[in-house]
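**Student:** coordinates for the following, if possible.
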Amino acid sequence: MTDQPDAPNGCPVAHGGGDLTRLYGPEAAIDPHGIYARLRKEHGPVAPILLEGDVPAWLVLGYRENRRVLDNPRQFTRDSRIWRDWTEGRVDNASPLMQMVGWRPDCVSQDGEPHRRLRGAVTDNLQAVTGRGIRRHVTHFANKQIDAFADAGSADLVADFAEYLPMLVLTRVFGLPQGEGRTLAESCAQVIKGGAEALVHNDRIVRILGELAERKRLEPGSDFTTGLMEHHADLDEDEVLSHLRLVLIAAHTTTSNLLARVLQLVLTDTTRLAGLVSGQLNISAVVEEVMWNTPPLTVLPGRFATADLELGGHRIREGDLLVLGLNAGNVDPEIRPDVGVSVHGNQSHLAFSGGPHECPGQNIGQAIIETAVDVLLHRLPGLRLAVAPEELTSTASTWEARLDRLPVEFAA
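**Tutor:** Alright, predicted model coming up:
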């Protein structure tokens, strides 16, 4: 075990910033993968870093270390009420980080029996939604999106397609007015991005969802919102609202990002594109590859050590915050010495998290992406990338790296 002079907590260097790497800001937005590689070289599979506001944390880079944290809620809880920097007043409730790691009465913030009770309500209703024609909703909204640019012969498949399509589907799933889709998509993006506006956008999401819950109490329907309210787990008003917020933000931001990355991979490889168009390649194989190499969440918030322990050669103290490097873990040279080797058929990636808190909405995201890509390829003959692949850029926040644009051309 290494006695680290720059451990995140209990150290003057950490709370004053010192030389710790910031996982936010201009450098992190441009080259997060370079930062992960440097941290791995300097610190091993676990590294001390600073989050927004120079808040200290541990970034878990190793695949095995990520699995240990995800699979052991008794050692690494999701309940942030034991987070020492918060309990001792170094992080207040107005911090943008609280939108991502702060405690709420939802299944993500709890472990054990409370988690099982609340997660059961979510998973039961997500399964019910999936059985009510989710692919039909995706086909409807994908065609509407494409109608807006089909005659132009060109489009940006990020701004014109991937960025809003999942939210349009979710408005139907939740029982929301379709007109709320763009506003909610923009606010979800800002909450994940962080910064001064995160709290304002979170309040907007909560207000819209609170109004939705009030309507559904008076006019129930066959939607996810009504299902949560009527579930036998007997969720109270705060629990219903917290889960509506949780599912909306998580489902939209991850699916929109994943859809853009799948389209990027398809359009920068003519062999894959031809295989999909001809039916010789299954889109699920492309999604699987993206899950390994560019997962929609690059870093997952957060876990809190329940006792002093050792992880990756470092001393972790009770109440320390750990964030999970899903992308870094997926390309850990200990398990993938050659990232160019095919991962087809291997679903042990970290993209959906893992353990008791593994993403319960995987099937819905998969259905949205598979259907959206299928509709797009059939609607736009001659679809091709309009720029050289190396001209495509991404912008990262602490938690994700999003494709900036995906310009394409096709037969009008």
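**Student:** follow the chain on from the lengthiest helix in the chain and name the next helix or strand.
**Tutor:** In terms of residue count, the longest helix belonging to the chain (DSSP state H) is helix 237-267. Downstream of helix 237-267, the next assigned helix or strand under DSSP states H and E is helix 270-278.
**Student:** CA atoms only for the helix or strand that that next one is followed by, dumped as CSV, please.
**Tutor:** Sequence order places helix 283-293 as the next helix or strand after helix 270-278, per DSSP H and E. Backbone C-alpha positions of helix 283-293 (Å, rounded to 0.1, in the frame of the first residue of the first chain) are rendered in CSV as follows:
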residue,chain,number,x,y,z
ILE,A,283,-26.6,-3.0,-35.4
SER,A,284,-26.3,-4.5,-32.0
ALA,A,285,-22.7,-5.5,-32.8
VAL,A,286,-21.9,-1.8,-33.6
VAL,A,287,-23.6,-0.7,-30.3
GLU,A,288,-21.5,-3.2,-28.4
GLU,A,289,-18.3,-1.9,-29.9
VAL,A,290,-19.2,1.7,-28.9
MET,A,291,-20.1,0.6,-25.4
TRP,A,292,-16.5,-0.6,-25.0
ASN,A,293,-14.6,2.2,-26.7
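**Student:** circling back to that earlier point, now do the buried residues in the longest helix of the chain.
**Tutor:** Residues of helix 237-267 classed as buried: 239-267 (neighbour count, 16 or more other Cβ atoms under 10 Å). The way it works is simple: take the backbone N, C-alpha and C, and place the C-beta from them, glycine included.
**Student:** before we move on, what about stretch 41-48?
**Tutor:** The neighbour-count check on stretch 41-48 (16+ other Cβ under 10 Å) flags His43, Pro45, Val46, Ala47, Pro48 as buried.
**Student:** can you give me phi and psi for the closest residue to the third one other than its chain neighbours?
**Tutor:** The reference is to Val46. Computed as Cβ to Cβ, 6 or more residues apart in numbering, the closest residue to Val46 that is not its neighbour in sequence is Gly312, at 3.3 Å. The phi and psi torsions at Gly312 (degrees, to the nearest 10) take the values phi 60, psi 30.
**Student:** wait, Gly312 sits on Pro48?
**Tutor:** No - the pair Gly312 / Pro48 is not scored as a contact, 11.0 Å apart, by Cβ atoms under 8 Å.
**Student:** how about the strands of the stretch 101-250 of the chain, start to end?
**Tutor:** Counting by DSSP state E, counting those that start in this stretch, the stretch 101-250 of the chain has strands at residues 154-156.
**Student:** quick one on the thing from earlier: just the ones in strands from the buried residues of stretch 41-48, please.
**Tutor:** Using DSSP state E, the members of the buried residues of stretch 41-48 that fall within strands are Val46, Ala47, Pro48.
**Student:** now render those as CSV, adding distance to Thr226.
**Tutor:** Shown next, in CSV, are these (distance: Cβ to Cβ, whole Å):
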residue, distance to Thr226
Val46, 44
Ala47, 45
Pro48, 46
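**Student:** how much space between Ile368 and Val191?
**Tutor:** To Val191, Ile368 is 20 Å away according to Cβ to Cβ, to the nearest Å.
**Student:** compare the two (neighbour count), which wins?
**Tutor:** Under the neighbour definition other Cβ atoms under 10 Å, Ile368 and Val191 were set side by side, and Ile368 has more, 27 against 23.
**Student:** please look at the more buried one and Phe141 and confirm they touch.
**Tutor:** No - in this structure, Ile368 is not within contact of Phe141 by Cβ under 8 Å, at 9.5 Å.
**Student:** joint contacts of the two?
**Tutor:** Leu165, Val169 (Cβ atoms under 8 Å, 6 or more residues apart in numbering).
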